[in-house]
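Colleague: model this:
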Amino acid sequence: MEPNLGQVFGTGTTRLASGATTTTSGLFIPDSAFVAVGLATPTTATAEGHLVAIVKNAESYLTQSNFDSNIDQSLIVTDGFSSFTTRGTDNTPYRQDQKTISLAKPDTGSTINPGDY
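Modeller: Coordinates of the predicted model:
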């Protein structure tokens, strides 16, 4: 069975049709799904903070174990390698944490098409 929106994006996520309390269709992810993975203030958080929360939510379900047991799951989100670097004119130290997103599909072409997953 394909992973559902709540499993990938967080509890309460839904796909809204045009006219369903909004003028256009789209994806609704409730603030509670962001808060559940550590984004304390979604209303003032950055776009990057929201993306990190989405990745963390996806990582909790799109595991190697679930991939191995579910032929319909096409994505795996795993930890990469952490490293350190410096940035800026003052060489401020930064920690870099990696997340790896692996996409699996039948070998029918060399391009990534979101509709294939």
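
Colleague: Just the C-alpha atoms of the lengthiest helix in the chain, please, in CSV.
Modeller: The longest helix of the chain (DSSP state H) is helix 47-61. Output of helix 47-61 as CSV, limited to C-alpha atoms (Å, rounded to 0.1, in the frame of the first residue of the first chain):
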residue,chain,number,x,y,z
ALA,A,47,10.8,28.2,4.6
GLU,A,48,14.0,26.1,5.2
GLY,A,49,12.7,25.3,8.7
HIS,A,50,9.5,24.0,7.2
LEU,A,51,11.4,21.9,4.7
VAL,A,52,13.5,20.3,7.4
ALA,A,53,10.3,19.5,9.4
ILE,A,54,8.8,17.9,6.3
VAL,A,55,12.0,15.8,5.8
LYS,A,56,12.0,14.7,9.4
ASN,A,57,8.3,13.7,9.2
ALA,A,58,9.0,11.7,6.0
GLU,A,59,12.1,10.1,7.6
SER,A,60,10.0,8.6,10.3
TYR,A,61,7.9,6.5,7.9
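
Colleague: helices and strands around it, which ones?
Modeller: Here helix 47-61 touches helix 5-9, helix 31-36, strand 75-79, strand 99-103, going by 3 or more Cβ pairs under 8 Å, 6 or more residues apart in numbering; DSSP states H and E. C-beta here means a position set from N, CA and C on the backbone, and glycine is covered the same way.

Colleague: elements contacting the longest one?
Modeller: Looking back up the chat, that one is helix 31-36. Packed next to helix 31-36, using 3+ Cβ pairs under 8 Å, 6+ apart, are helix 47-61.
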